[in-house]
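**Student:** give me a model of this one.
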Amino acid sequence: MILINRLFERQTPHREAKSLYIFCEGAKREYQYFQYFREIDSRIKVEVNKLNPEENNSPKGLYDLAIASLHGDKSNFTLQQNDEVWLVLDTDPDKSNSREKQINQISANCLDKQNWFIVESNPCFEVWLFFHQNQKVEKFESDDICKSWKLKVNESFDGGFDSRRHPIFIEEAITNAEINYDSDENGRPSKGSTEVFKLAKSMFAVIKRKIRLVRSRL
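**Tutor:** Numbers count the residues shown, from 1 in each chain. Below is the predicted model:
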C-alpha cells in the first residue's frame, strides 16, 4: 500500500528556506498533483494557481496571473532573493495556433526576471505523470494525442493516476523524464517529452529526505 500525504509530518519553515511559486494551467489534475507536495513539508512553500475554464486559460493568461499574484497591488507575497517562480505549460496547440507565439514571448520575459522559469510538456501534463511509472516514452499517431496520453496514464496505474499517492514516485519520474527528454531545433520539447523534471528537481532537493524515508517503509 502506498502511503499518502497525511503520513508525512509537517515541519516549520527554516528561515533560509526558499519558496517555490508554481502557476499551472490545469484546473484539476495539475493543481492536485502539486498540491500533494505543498502538503508534505512547509519548509518549501508551493503556491499553485489553477485557472477555471471561464478564465483566460492561455500561456499569456497564466503569465499575467503570475505577475498579478506576485507583483500586483493586491499581492500577499513578497519574493525573497532565492525564491523561484515556475510556469507549467502544455505545448498542445490551440485552435488559433497562438500558443507557440505566446510561449516564446513568455520565455523571453522570464529570462529578464530573476529565478523565473517556464517548463513545458508536449503535448500535455500527462506525459510527466506517465514517467512516474514508465521508463520509456510512448509514441502515438492518433489525431487526439492528448486523449491518447490520458488513456495511457490511466492504464499505467492501478485505478489510474492518483494524486494522493503516486507523486511519491517523483524521483523515478525525474530520472525517466530526463533520460527520455528530447527537443526540436528551437529548444522546445519534442512529442512525448516534458521539462517538468527541472521543476521537480528543485522541489525534490528540499523534500528528498522525507520522501526517501517514507519510501523505505513501503
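
**Student:** what about E47, which SS state?
**Tutor:** Three-state call for E47 (DSSP: H, G, I helix; E, B strand; the rest coil): strand.

**Student:** that one and A177, how far apart?
**Tutor:** 23 Å (Cβ to Cβ, to the nearest Å). Every C-beta, even on glycine, is put in place using the N, C-alpha and C of the backbone.

**Student:** likewise Y21?
**Tutor:** Counting by Cβ to Cβ, the gap from Y21 to A177 is 22 Å.

**Student:** more crowded one of those two?
**Tutor:** A177 (25 against 21; other Cβ atoms under 10 Å).

**Student:** tell me the contacts of the more buried one?
**Tutor:** Contact analysis of A177 by Cβ atoms under 8 Å, 6 or more residues apart in numbering lists 127-128, 131, 193-194, 196-197, 200.

**Student:** now with 6 Å, please.
**Tutor:** Residues in contact with A177 (Cβ atoms under 6 Å, 6 or more residues apart in numbering) are 131, 194, 197.

**Student:** out of those residues, who's the most crowded?
**Tutor:** T194 leads the contacts of A177 on contacts (other Cβ under 10 Å) with 32 neighbours.

**Student:** name the nearest residue to that one, sequence neighbours excluded.
**Tutor:** Leaving aside its sequence neighbours, T194 sits nearest to S121 (Cβ to Cβ, 6 or more residues apart in numbering; 3.9 Å).
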